[in-house]
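Asks: A structural model of the following input is requested.
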Amino acid sequence: MAANVAVGAVTNLLWMYFSMQHYRRLQQLWAAISELIGMWVAMAMSLGLLDFPPIADALDVHALWHAAMVAPMVWRYQFLVGDAKKDMEYDG
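Replies: Numbering: from 1, shown residues only. Sure thing, here's the model as predicted:
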């Protein structure tokens, strides 16, 4: 469990560093979206560290973690597609 948390935290910090550097280079608000997603993921990671009895015998911490991770992964994918398109425009 500790190794998973450590790898997740390092990955999240790397994404936030990338986003910060990207924003500084481009000076466009959309480039900071990945950093906001990183903050969301960090908060969602805390669900993996907490433990409480299931709500109504249906929603446990793991289910809430999965629910919290859907939106940021969609946003991150959209960010990566937009970033790749910007890179292709810049290079071409």
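Asks: Pull the residues that contact stretch 61-72.
Replies: If you take C-beta atoms under 8 Å, 6 or more residues apart in numbering as the criterion, stretch 61-72 is touched by 37, 40-41, 43-44, 47-48, 50-52. All C-beta atoms are positioned from the backbone trio N, CA, C, and that covers glycine.
Asks: Can you tell me which of these has the most neighbours?
Replies: The most neighbours of any of the contacts of stretch 61-72, using other C-beta atoms under 10 Å, belong to Ile37, which has 22 neighbours.
Asks: residues contacting that residue?
Replies: Shown in contact with Ile37 (C-beta under 8 Å, 6+ apart): 15, 72, 75-76, 79.
Asks: Same check on Ala42?
Replies: Applying C-beta under 8 Å, 6+ apart to Ala42 gives the contacts 9, 12.
Asks: could you redo the last one with a cut-off of 6 Å?
Replies: Shown in contact with Ala42 (C-beta atoms under 6 Å, 6 or more residues apart in numbering): Asn12.
Asks: among the contacts of stretch 61-72, which one has the lowest pLDDT?
Replies: Across the contacts of stretch 61-72, the smallest pLDDT goes to Gly48, namely 73.
Asks: Next one: the closest residue to that one other than its chain neighbours from Met20, what distance?
Replies: Computed as C-beta to C-beta, 6 or more residues apart in numbering, the closest residue to Gly48 that is not its neighbour in sequence is Trp65, at 5.4 Å. When C-beta to C-beta, to the nearest Å is the yardstick, Trp65 and Met20 sit 26 Å from each other.
Asks: Helix or strand with the lowest mean pLDDT in the chain?
Replies: Lowest on mean pLDDT, DSSP states H and E among the helices and strands of the chain sits helix 33-49, with a mean of 82.
Asks: From the chain's centroid, how far away is that one?
Replies: From the chain centre to the centre of helix 33-49 is a distance of 5 Å (C-alpha atoms, centre = their mean, to the nearest Å).
Asks: Helix or strand next in line after it, which one?
Replies: Once helix 33-49 ends, the next helix or strand along the chain (criterion: DSSP states H and E) is helix 61-91.
Asks: and which of the contacts of stretch 61-72 is nearest Arg24?
Replies: Ile37 (17.4 Å; C-beta to C-beta).
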